[in-house]
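Asks: kindly return the folded structure for what I paste below:
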Amino acid sequence: MDPEITSLAQGGGATLVTLMATDAWQAAREGFVQLWRRMQPNRAEAISAELDAGHAEVAAAVVVDDQGVLSEVRAEWQGRLRRLLVGRPEAVAELRRLLDEIAPLALAGVPAVTQRAIASGHARIYQAGRDQHITEQ
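Replies: Purely as a prediction, here's the structure:
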């Protein structure tokens with residue numbers, strides 16, 4: 001299997017599922033439906049319905065923080081994208097263009113975090129972007 005296609009499909013699926021849980025969902029949805037319309041027009045309506053079903057699953061999973069469902073939906077879309085790219089190699093450039101366009105939307109709702117610390121003497125500084133467990137005594 002072509003590692004480039006696999007990597008692109010993984011990134012595309014991850015970006016798509018991330019955007020399913022944001023305000024940018026409609027723009028992402030439309031982009032993916034258009035991709036299928038151009039590459040596999042006979043599948044576009046089914047893909048549209050599958051995107052809506054995936055969006056509903058992701059929205060419900062986010063509410064209860066069900067990482068298992070999110071992983072499943074992500075894997076499903078990664079597989080769909082990989083099959084599309086393998087079957088229609090010209091879709092590689094199209095998917096890259098789409099991801100370049102919509103990937104920044106996935107980060108739009110993520111606040112920037114800047115950490116700064118100054119230590120002196122024998123001080124220790126511990127910083128983390130998430131959970132932190134310090135076990136020293």
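Asks: distance check, T6 against M39.
Replies: As defined by Cβ to Cβ, to the nearest Å, T6 lies at a distance of 18 Å from M39. Where you see a C-beta, it was placed from the backbone N, CA and C, and this is true even at glycine.
Asks: do H122 as well
Replies: Using Cβ to Cβ, H122 is found at 62 Å from M39.
Asks: and the nearest residue in space to A14 that is not next to it in sequence, what element?
Replies: Once flanking residues are discounted, A14 sits nearest to R74: 5.7 Å by Cβ to Cβ, 6 or more residues apart in numbering. Assigned by DSSP states H and E, R74 belongs to helix 67-87.
Asks: and the contacts of that helix?
Replies: Contacts with helix 67-87, where a contact means Cβ atoms under 8 Å, 6 or more residues apart in numbering, come from 1-2, 5-6, 8-10, 12-14, 16-17, 20, 35-36, 39-40, 47, 50, 54, 57-58, 60-62, 91-92, 95.
Asks: narrow the residues you listed to those that are buried.
Replies: Buried members of those, scored by 16 or more other Cβ atoms under 10 Å, are 5, 8-10, 12-14, 16-17, 20, 35-36, 39-40, 47, 50, 54, 57-58, 61, 91-92, 95.
Asks: of the residues you listed, which belong to helices?
Replies: If you go by DSSP state H, the buried ones among the contacts of helix 67-87 have 5, 8-10, 12-14, 16-17, 20, 35-36, 39, 47, 50, 54, 57-58, 61, 91-92, 95 in helices.
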